[in-house]
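Engineer: my questions concern the predicted model and sequence given below.
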Amino acid sequence: MHAYTGCDAVSAFAGKGKVKALKLLTSNKEHQNTFLKLGQEWDLSADLMDKLEAFTCLLYAPKASTTKVNDLRYNLFCAKKGEIESHQLPPCKDCLANHIFRANYQAGIWRRCLEQNPLLEEVGRSRRMELMNIDNTLDGCTVKNEVLHYTSFGVPTTLSVLHPMGCIDTPPN
């Protein structure tokens with residue numbers, strides 16, 4: 001739970017401390033089992049992602065009926081008639097997925113910290129994209145891998161620019 005709710009290597013949820021998460025965790029055996037699985041495998045199952053998303057919804061709105069963060073964001077925004085600060089909303093699904101990947105990676109490192117030669121693997125980008133339901137198209141144009149790499153992981157060696165006539169490669173400035 002420490003990695004998921006924020007630590008040195010993983011961001012924290014704004015305004016949601018560890019005490020609230022701990023109370024929620026201790027009150028539900030299913031949540032406890034969910035956090036026991038965090039960091040066991042480098043690849044996350046869709047089921048574990050869904051359970052962590054549901055936990056996050058309860059963290060922001062304990063009486064909410066939804067288990068999807070995007071739905072909860074919309075419901076909270078509408079309930080406050082738009083008079084809500086962004087830090088009062090849960091992260092969107094894409095941001096939460098990245099948060100879960102980071103927390104899982106950190107928990108995995110901690111789980112293996114006493115092994116002499118731990119196998120520290122990185123979850124492949126294609127697996128992250130699959131779990132986040134990202135495809136390689138944008139408005140009918142195939143997006144180059146460099147663009148996906150740039151948007152997810154840093155500066156690429158080349159940038160693929162969307163052009164009205166199609167995708168073209170340009171060197172970075």
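Structural biologist: Ah, there it is. Numbering: from 1, shown residues only.

Engineer: helices along the protein, start to end?
Structural biologist: 2-5, 18-26, 29-37, 46-60, 69-79, 93-111, 125-131, 145-153 (DSSP state H).

Engineer: in the shortest one, what's buried?
Structural biologist: With burial defined by 16 or more other Cβ atoms under 10 Å, the residues of helix 2-5 counted as buried are 3-5. Where C-beta positions appear, they are placed from N, C-alpha and C, glycine not excepted.

Engineer: let me know the closest of the residues you listed to N70.
Structural biologist: Among these, Y4 lies closest to N70 (Cβ to Cβ), at 19.0 Å.

Engineer: the closest one: what's it in contact with?
Structural biologist: 10, 21, 35, 38, 52, 99-100, 103, 107 (Cβ atoms under 8 Å, 6 or more residues apart in numbering).

Engineer: nearest to H87, out of the helices of the chain?
Structural biologist: helix 46-60 (10.7 Å).

Engineer: neighbouring contacts of the closest one?
Structural biologist: 4, 13, 16, 20-21, 24, 30-31, 34, 37-38, 64, 66-69, 72, 76, 89-91, 93, 96-97, 100, 131.

Engineer: ok, back up a step: show me how to select, in ChimeraX, the buried members of the contacts of Y4.
Structural biologist: Selection of buried members from these for ChimeraX, criterion 16+ other Cβ under 10 Å:
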select :10,21,35,38,52,99,100,103,107
